[in-house]
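> build the 3D model from these lines:
(6 chains)
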Protein chains: 4
Amino acid sequence: MKRNRPKFKQIIDAAVVVIAENGYHQAQVSKIAKQAGVADGTIYLYFKNKEDILISLFQEKMGTFVETIEAELKQADNASDKLLVLIQQHFGQLSDDRHLAIVTQLELRQSNKELRIKINDVLKGYLELMEKIIDEGISNGEFSEDLDKKLARQMIFGTIDETVTTWVMNEQKYSLTQMAVPIHTMMARACGSQNIEKKV
Amino acid sequence: MKRNRPKFKQIIDAAVVVIAENGYHQAQVSKIAKQAGVADGTIYLYFKNKEDILISLFQEKMGTFVETIEAELKQADNASDKLLVLIQQHFGQLSDDRHLAIVTQLELRQSNKELRIKINDVLKGYLELMEKIIDEGISNGEFSEDLDKKLARQMIFGTIDETVTTWVMNEQKYSLTQMAVPIHTMMARACGSQNIEKKV
Amino acid sequence: MKRNRPKFKQIIDAAVVVIAENGYHQAQVSKIAKQAGVADGTIYLYFKNKEDILISLFQEKMGTFVETIEAELKQADNASDKLLVLIQQHFGQLSDDRHLAIVTQLELRQSNKELRIKINDVLKGYLELMEKIIDEGISNGEFSEDLDKKLARQMIFGTIDETVTTWVMNEQKYSLTQMAVPIHTMMARACGSQNIEKKV
Amino acid sequence: MKRNRPKFKQIIDAAVVVIAENGYHQAQVSKIAKQAGVADGTIYLYFKNKEDILISLFQEKMGTFVETIEAELKQADNASDKLLVLIQQHFGQLSDDRHLAIVTQLELRQSNKELRIKINDVLKGYLELMEKIIDEGISNGEFSEDLDKKLARQMIFGTIDETVTTWVMNEQKYSLTQMAVPIHTMMARACGSQNIEKKV
DNA sequence: AATGAATGAGCCTTCATTCAT
DNA sequence: TATGAATGAAGGCTCATTCAT
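Below you'll find the predicted structure:
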């Protein structure tokens, strides 16, 4: 299996660095190969074409991203807390890998529609995770029962995403992780969280 | 002033159509010229370069967009209602111009970082409008006093934007305007709106 | 019409020279452009792609080639004489344009199957001309009535073509036109020509 | 001697199949290796380079081809009959190995000039065999004494070759061997054969 | 003001060959 | 002998921009 050989990850990591530092449209395959320390042709032993590098990059990174969040979610035992963990983890992971933050928030969005559709497929798992938390909150009475699950998910993702993008466009000058709690407060309130009111 | 000559708007409208129908990367200058009914070279009598077309497009369309919203806001006399009007107007205008919706939500985001920074400059006025509403809400006690103005604005914009993008990516198959009220309910709650509670 | 603008022929003539002097696989578009005195991009204003240059080259040159032969054929009033004129013209024209001889006999045959099929379509007109002469010969009793028209045509074309190819591969060291009469004698005999016997 | 080791022929036979089924330009060394059931690198233990495979292929197949014809020629005792046997054998052998027919008539001709010159060296033996028959015919009075030996050989080879190529390009839809007698009739007449006249 | 023919820089991908195992 | 992962050179084509008319 190609995905498990060391050069696979090596090339993907090189792609993250090259795209972050040069921008999507200046990330030539030859530059990625050089950064990875392999020949141009070697790229094509592991990836079908340039687009495949980018999809794989997103799959690999997003896979780890979501797995990490899922693992951390086990610590929390109600929907509101899970939401907080999710936001903290989301911000935390992107804070820890600033190259990745640039790539996912700015550069990869310059790809064409087809690639973005494929990227959205990868995102689906993450969005479903959010909906599961919302579902749980509605079921156990934490969240308002008239909450529209899909809209709530769009709000949560939209808010988190906009926050991270703004942070990246401001060149990551302030702490993103400090935003987690106030963002969570707004999200919980928006969901009609009863916990919030009790805590206040 | 070039902006007032008829061909200026003619070219911009052509650009919207061409980009919406062909995608950003397939929107060659020659295609825009053809759609506008002018020669390729004529484009350069009105715009410095291709990027300038796109920025001007955004300025023109966004200008009208924000002006319309500002005008409508006068009907509302509290922050929560203003928020509702803003969301309704935002959704309404993009519902009415589906080409524009595709261009702003999907295609123009494929532009490079520099262009996106310039587009963000244009967006600034709209974001400030949002902040003014939030400010008003906090001042008059409608909204929670611990609300972070900047984060609240990122939430509102992020939520609206994600909602529209999802709608566009679903090929505008459902009514976007019907989303305005439930989205507004969540936003108002997130801001700690007292009005919401009263109304319920 | 692109085919009538001067640069169209200019590029085709450049292609003949470049292919003859460098070989088919060393005839890069940039080399052809340079030889034609135009920019690389200009090629693509006149031709869809590289293959289109080669097909057009064959069409243009073959068109003239066959037209010339057809015009000369009017001087002859029986099938055997027409055959002689055809062979003389075929040899004569390729003797007069040695670059073209190299291109048609050696280089263009290195093209892939698809291109060769398209080239064969162009050849069809010439082959039909041959069959018409054979038909005439059979009808008026000059040629043997049991002659297979299609096989006779394959013989005539195959013989002429092999003769020219051998001449080109021998670097055109001897006179090709001097071969016309003896080749014609063989062809006429093969067709069972009565004229030949009388003349002898 | 490498030529006698089993993998040598194994690779050559693989090359014939791969070239016939994929075309010359799609016959990569790796594909030939796979078809032969060996590793890519193994090819280079038996052949100097890719060109060497093709030349060896031609040598091996052409060697058998000519040997078979020479053996069969012993049955015939005059030039005209020998010509008939040669044509029948030529058509028969290619009818029996359709892959080989595709390779020799269409695919191998796409090779570059140098390779074709080397292939022509291999062909020489066959062409000399033809000339020997013509010589014999002229000497014993069967053929016209003013026959140009070299031109006659070019006619015979050109005619046979064109006939086979036309048959291959028509996807071998009709019987090639049935063409042998009429082709022979034409060739014999072209040589001024006295036998033909007697037989008629 | 308007035209549109001409320009030319820039990059992804293939595949014959090598060489460490 | 045999393997197969790794190499790296090379070229067709697009399209934003210019400028002579």
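
> which parts of the longest helix along chain A are buried?
Secondary structure of chain A per DSSP state H: the longest helix is helix A:113-139. For helix A:113-139, burial by neighbour count (16 or more other CB atoms under 10 Å in any protein chain shown) applies to A:113, A:115-116, A:118-119, A:122, A:126-127, A:129-130, A:132-138. For the C-beta atoms, the positions are set from N, CA and C on the backbone; glycine is no exception.

> again with stretch A:17-32
A:17, A:18, A:19, A:20, A:23, A:24, A:27, A:29, A:31, A:32.

> in helices, which of those appear?
A:17, A:18, A:19, A:20, A:29, A:31, A:32.

> adding distance to chain D and pLDDT, write those residues out as JSON lines.
What follows is those, written out as JSON lines (distance: CB to the nearest CB, whole Å; pLDDT from 0 to 100):
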{"residue": "A:17", "distance to chain D": "32", "pLDDT": "97"}
{"residue": "A:18", "distance to chain D": "29", "pLDDT": "96"}
{"residue": "A:19", "distance to chain D": "31", "pLDDT": "95"}
{"residue": "A:20", "distance to chain D": "35", "pLDDT": "95"}
{"residue": "A:29", "distance to chain D": "21", "pLDDT": "96"}
{"residue": "A:31", "distance to chain D": "27", "pLDDT": "96"}
{"residue": "A:32", "distance to chain D": "24", "pLDDT": "97"}
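
> out of those, which comes closest to DNA strand F?
The closest of those to DNA strand F turns out to be residue A:29 (CB to the nearest atom of the strand; 8.7 Å).

> state the distance from that closest one to residue A:122.
Relative to residue A:122, residue A:29 is positioned 21 Å away (CB to CB, to the nearest Å).

> how about the buried residues of stretch A:17-32, which pair is most distant?
The most widely separated members of the buried residues of stretch A:17-32, counting by CB to CB, are A:20 and A:29 (16.2 Å).

> ok, now which ones touch residue A:106?
Applying CB atoms under 8 Å, 6 or more residues apart in numbering or on different chains to residue A:106 gives the contacts A:165, A:168, A:169, B:113, B:116.

> looking at those, which one is closest to chain D?
Nearest to chain D among the contacts of residue A:106, counting by CB to the nearest CB, is residue B:113 at 40.5 Å.

> one step back: anything in the longest helix of chain A near DNA strand F?
No: between helix A:113-139 and DNA strand F, judged by CB under 7 Å from any atom of the strand, nothing touches; the nearest distance is 14.4 Å.

> before we move on, what about stretch A:39-48?
Yes: Stretch A:39-48 is in contact with DNA strand F by CB under 7 Å from any atom of the strand, via A:39, A:40, A:41, A:42, A:44, A:45.

> now those as a markdown table including distance to residue D:57?
Formatted as a markdown table, the residues of stretch A:39-48 next to DNA strand F follow (distance: CB to CB, whole Å):
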| residue | distance to residue D:57 |
| --- | --- |
| A:39 | 31 |
| A:40 | 32 |
| A:41 | 27 |
| A:42 | 31 |
| A:44 | 29 |
| A:45 | 29 |
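
> among those residues, which ones are buried?
In the residues of stretch A:39-48 next to DNA strand F, nothing passes as buried (16+ other CB under 10 Å).

> circling back: the ones in helices among the buried residues of stretch A:17-32: which ones sit near DNA strand E?
residue A:29.

> of the contacts of residue A:106, closest to DNA strand E?
Once CB to the nearest atom of the strand is applied, the member of the contacts of residue A:106 that ends up nearest DNA strand E is residue B:113, at 15.7 Å.

> ok, now which ones touch the closest one?
A:23, A:106, A:107.

> and of these, the nearest to residue C:191?
Distances from residue C:191 to those, taken by CB to CB, are shortest for residue A:23, at 72.2 Å.

> got the phi/psi numbers for that closest one?
Backbone torsions of residue A:23, given as degrees, to the nearest 10, read phi 90, psi 150.

> surely it touches residue A:107?
Yes: assessed by CB atoms under 8 Å, residue A:23 is found in contact with residue A:107 at 6.1 Å.

> take the contacts of residue A:106 and write them to CSV, including pLDDT.
As requested, the contacts of residue A:106 are arranged in CSV below (pLDDT from 0 to 100):
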residue, pLDDT
A:165, 96
A:168, 96
A:169, 93
B:113, 78
B:116, 84
